[in-house]
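[1] heads up, no residue letters with this:
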């Protein structure tokens, strides 16, 4: 082993890092009076306006110059709100859940950042309306912990959380990312949230591919520069996105600066990215820290993680990431830059690009592109289904869904009004299906991923920052021709790869495989006794059909290996059962 590599494992000095209490935003309104709590606070000179902030504003310095003020970011945000009102929110860069109280006007405004790194929930209990940036701060006052059937259906069937105003708790609702609400304290009712940021998907930039790549590089460069204020390390998976962050950090910090990277190394049958991680660490001259995650660590962390996250999760990756942040804190880091959002904004949904071509009648081009990708006929079949009129596509998807999810008690969900979700590609009837799908991924899938990472960072006393998630970069990517995202040779993230030439080693940019944060979900179903116990408990949840779970439980108890798809189902059910038990959830 290279003596410069820091191996992180259970039993090392990193395993017992003391946990930092996570202070979160909480606002309560009772009898027309509001109480604001939060980790960051600012008060106006006249004392009549107060702001609390959970998060950080990364462009506070630029805003301060415009406002002729030099102050911490919470004070700058309050000054911006006093100057521009809610029009300040689109101008912010960073992660935030914030509340601004104007006591003289009797108004309260709350907002959540563009992408949903920070959460923002609300609940009524008795005479009190409460807001909080975690579910946990709202639970003590909740009169009942009944499940929300719609949110339960979305998680059980599709593995989704954080994608709508519903939470798994019937009495708690969410403010969507990129929205704000303004309340009259005399009538504390939550109005329909107002969007302050929605990219336009119909416009298309008139740039050549080289010009688009140059602009992409410029925007990414600016974002990394802003994100690495103070000491900052980076997560490194070996893929294009995190490799780009590490190499751009080296570009900004110069050859002498010490850069620390933190990587999870898959074992127990998981595919390892270690060779690619080593290439980037060597190219950047970084100090590598490598985490190998073991089953007993999952057992030690799992119950606390269920409470920390507030809603169920169905992957070991959350636990491994939790350990990674604790290791980074032990190494002295207080900020980690991560690649979150790059897949959602620039991902290679080949079927969607093919569907766009089919809708435009470009059959020959679609067939030629399909041959460039893996599994030609299944990919084309999926593209054809996506290109159907929405009604037919929804019907076909519903039939397939019922057949492929036998663990679901459909009658129980239907009787409680849980509506089937439309297929993930529905929402754009025009010819640019890929761009529409990427935007829906940002709104539908990304907030849960960001919530996992934000909570894991916070409990380690750290900040997670995401250089790919700035409004300017997102708007730019979502205005590109689809051929700039998935090239005619079938390669995804084409414009990003071109933008990074000369910065990231060609060996990484030219990869056609993608592994990412690969955790041993198949191997561990057999190695952890708690899995069988929790899967057995899942059968007692009325929305779960025991007939669909029984074969999974029998396989685990007899040691028979499960296919990858069924292993994902097991962990989803395990996560649901653990969450229901931890929070004493009731199922009416």
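    Here it is on my side, so go on. All of these numbers come straight from a predicted model, not from anything done at the bench.
[2] Report the secondary structure state of the spatially most central residue of the chain.
    The centroid of the chain falls nearest to residue 449 when counting by CA atoms, centre = their mean (2.3 Å). Using DSSP: H, G, I helix; E, B strand; the rest coil, the structure places residue 449 in helix.
[3] If we ignore the residues flanking it in sequence, what's nearest it?
    Spatially, and ignoring its direct neighbours in sequence, residue 449 is nearest to residue 340 (6.1 Å; CB to CB, 6 or more residues apart in numbering). For the C-beta atoms, the positions are set from N, CA and C on the backbone; glycine is no exception.
[4] need the contact list for the one you found.
    446, 449, 450, 453, 464, 466, 468, 469 (CB atoms under 8 Å, 6 or more residues apart in numbering).
[5] So what's the residue count around residue 242?
    Neighbour count of residue 242, defined by other CB atoms under 10 Å: 28.
[6] what residues are up against it?
    Applying CB under 8 Å, 6+ apart to residue 242 gives the contacts 234, 235, 236, 280, 338, 339.
[7] do that again at 10 Å, thanks
    By CB atoms under 10 Å, 6 or more residues apart in numbering, the contact set of residue 242 is 234-236, 261-263, 273, 276-277, 280, 337-340, 342, 508, 516-517.
[8] Point out the ones among the residues you listed that are inside helices.
    Judged by DSSP state H, the contacts of residue 242 include 276, 277, 280, 342, 508 as members of helices.
[9] Look up the pLDDT of the residue nearest to the fourth one when sequence neighbours are not counted for me, please.
    Pointing back at residue 342 there. What sits nearest to residue 342 in space, not counting adjacent residues and going by CB to CB, 6+ apart, is residue 241, at 3.8 Å. We have a pLDDT of 95 for residue 241.
[10] Confirm for me that residue 241 is in contact with residue 346.
    Yes - contact criterion CB atoms under 10 Å: residue 241 and residue 346 qualify, at 8.2 Å.
[11] what residues are shared contacts of the two?
    Residues within reach of residue 241 and of residue 346 at once, by CB under 10 Å, 6+ apart, are 468, 493, 496.
[12] thinking the first one is in contact with residue 450, fair?
    By that I understand residue 468. No - Residue 468 is beyond contact range of residue 450, at 11.4 Å (criterion: CB under 10 Å).
[13] Now do the shared contacts for those two.
    Joint contacts of residue 468 and residue 450 (CB under 10 Å, 6+ apart) are 115, 338, 340, 341, 344.
[14] Let's see if you can find the most crowded of the residues you listed.
    residue 338 (27 neighbours).
[15] Number of residues surrounding the spatially closest residue to that residue that is not a sequence neighbour?
    Excluding the flanking residues, the one nearest residue 338 by CB to CB, 6+ apart is residue 235, at 4.6 Å. By other CB under 10 Å, the residues close to residue 235 number 24.
[16] quick one: residue 391 from residue 154, how far?
    Going from residue 391 to residue 154 by CB to CB, to the nearest Å gives 21 Å.
[17] now the residue nearest to the centre of the chain: how far from residue 339?
    From residue 449 to residue 339 the distance is 11 Å (CB to CB).
[18] and for these two, which residues touch both?
    Between them, residue 449 and residue 339 share the contacting residues residue 466, judged by CB under 10 Å, 6+ apart.
[19] in stretch 220-228, what's buried?
    Within stretch 220-228, the residues scored as buried using 16 or more other CB atoms under 10 Å are 220, 221, 223, 224, 226, 227, 228.
[20] Perfect, I'm done here.
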